[in-house]
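Visitor: The sequence and its predicted three-dimensional model are supplied below.
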Amino acid sequence: MGCGSNTSTGIALIIAIFFTVVHTPAVVAHIIKRAKRKVPTRRMSLQLLDRTSELRILLCLHGPDNISASINFMEISRGKSDPGLLVYVTEMIELTDQIAVTVERGEGVETTNVKDKDVMAMRDQITRSFQAYIEDDDDGVTLKRTMAVSTINNMAQDICTLAEDLMTALIILPFHRTQLKNGKLDGGNQGFRYVNRKLLKSAPCSVGILVNRGLGSLGKISKTEASLNVATLFIGGKDDREALAYTGRVAGHPGIKLTVIRFLVDTSAESSRIAAYRVSLPEKGEEIALDDECFAHFYDKHISGGKISYMERHLTNAAETFSTLKSFEGKYSLVIVGRESGLNSILTKGMNDWQQCPEMGPIGDVLSGPDFSTTVSVLVIQQHRHKGEIDGLDEEFNIM
């Protein structure tokens, strides 16, 4: 009886030691990997990017319809050839049962492969288009390929993982609505809208949402003659400062005719109601100081020398802001704006009452809305921030 007990104890001890020796490294590795994901990383944004470092962008596509607009976005983002631009062209592929059986996953971020014929044909078309662009002029631009293959629910997290591993400063996402032949935008893909919203909440770097309304049909952008009219709107806040940082790269392109438009509160017509609203936001004092410092630096570097045009619009309320935005129709091919542009400003107060896409912010929602121009593309930029700092997004958003 005692001998059997000792034997059982010995076997149990051997099994315990075996599992400890064999499985502990794997468990520890998993814990470390999980912990690394939870540890706050340094902020990755355009405004804080070291000027001696290349700009790394994760450029996402839904499919071939996004190719031309994405290439033109790359072109205007080139900046100076030194330190250059590194772009990871990334398809967002929804994982279906049919595709799942063809997926081959490797260890690295660029080793996943999909054998589905339709996916392979799409990827080949995208690769050939971007490769042709690079072969035509690769000065300062490095192109790499990857993809995010996952369910809609998990895609945002997979893109976040890609962005972290590749140390990108900016993720560019297509707007969930696609332009139809009549110029209008369709009803949109609610799955991709869900992904966009989740990324705005959790991305490890800055995020841009690109609304293509003609940017993809412009053809090749000239490098010798200013042929593309672009405007950047500035009301204030960290997202507008990030949009201004991106605009600094666009300013270096010889084919871009760039205008920066600053919206300011018309203090000459300021009523007691406006004054009361401003006083109720004490944190705005610090934000205004940061805005002025950022804008002064940008002005000295790009505007004072005549490189780009500058306009001011002195407004009193959201109605005047809306009218001013409508006046841009037909003047610009692309408008760049921060996502939370003017979020706490009297110039946008009340705009959220009729917002269709709150994730685009008050100004971005107007510019990307169905009642705006069918020929003005929009780039809405959000500066990287930690979770909990995002305004205008619900905790949960249903796909349907």
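Guide: That came through, no problem. Numbers count the residues shown, from 1 in each chain.
Visitor: residue ranges with poor pLDDT in the stretch 301-400 of the chain?
Guide: For the stretch 301-400 of the chain, the stretches with pLDDT under 70 are 343, 386-400.
Visitor: Quick one: the strands in it, in order.
Guide: Using DSSP state E, counting those that start in this stretch, the strands found in the stretch 301-400 of the chain span residues 309-315, 334-338, 377-382.
Visitor: just checking, I261 is part of a strand?
Guide: Yes - assessed by DSSP: H, G, I helix; E, B strand; the rest coil, I261 belongs to a strand.
Visitor: close enough to count as contact, it and I235?
Guide: No - using CB atoms under 8 Å, I261 makes no contact with I235, being 9.7 Å away. Any C-beta I mention is one placed from the backbone N, CA and C, and that applies to glycine too.
Visitor: Pick out whichever of the two has more residues nearby.
Guide: Higher neighbour count among I261 and I235: I235, with 27 against 19, using other CB atoms under 10 Å.
Visitor: burial measure for L200, as a count.
Guide: Per other CB under 10 Å, the neighbour tally for L200 reads 23.
Visitor: typo on my end, V250
Guide: 21.
Visitor: Could I get the contacting residues of M167?
Guide: By CB atoms under 8 Å, 6 or more residues apart in numbering, M167 lies in contact with M44, R56.
Visitor: just the strands in the stretch 51-200 of the chain please.
Guide: Ranges of strands in the stretch 51-200 of the chain, per DSSP E, counting those that start in this stretch, are 55-61, 85-94, 103-104, 113-114, 141-150, 170-174.
Visitor: who wins for proximity to H297 among those?
Guide: Ranking the strands of the stretch 51-200 of the chain by proximity to H297 (CB to CB) places strand 55-61 first, at 18.3 Å.
Visitor: mind listing what the closest one pairs with, with the direction of each?
Guide: Within its sheet, strand 55-61 is paired with strand 85-94 (parallel), strand 170-174 (parallel), according to DSSP bridges.
Visitor: Determine which stretch of the ones you listed is the most buried.
Guide: A comparison of the strands paired with strand 55-61 by mean neighbour count, using mean count of other CB atoms under 10 Å, puts strand 170-174 on top with a mean of 26.
Visitor: ok, residues contacting it?
Guide: Counting by CB under 8 Å, 6+ apart, residues outside strand 170-174 touching it are 46, 55-62, 66, 69-70, 73, 159, 163, 192, 195-196, 199, 203, 205-210, 212, 246.
Visitor: now it against strand 377-382, angle please.
Guide: Using axes from the mean of the first three to the mean of the last three CA atoms, to 10 degrees, the direction of strand 170-174 lies 140 degrees away from that of strand 377-382.
Visitor: State the mean pLDDT of strand 170-174.
Guide: In this model, strand 170-174 has an average pLDDT of 98.
Visitor: any idea how far it is from the chain center?
Guide: Relative to its parent chain, strand 170-174 has a centroid offset of 4 Å by CA atoms, centre = their mean, to the nearest Å.
Visitor: do stretch 355-366 as well
Guide: 15 Å.
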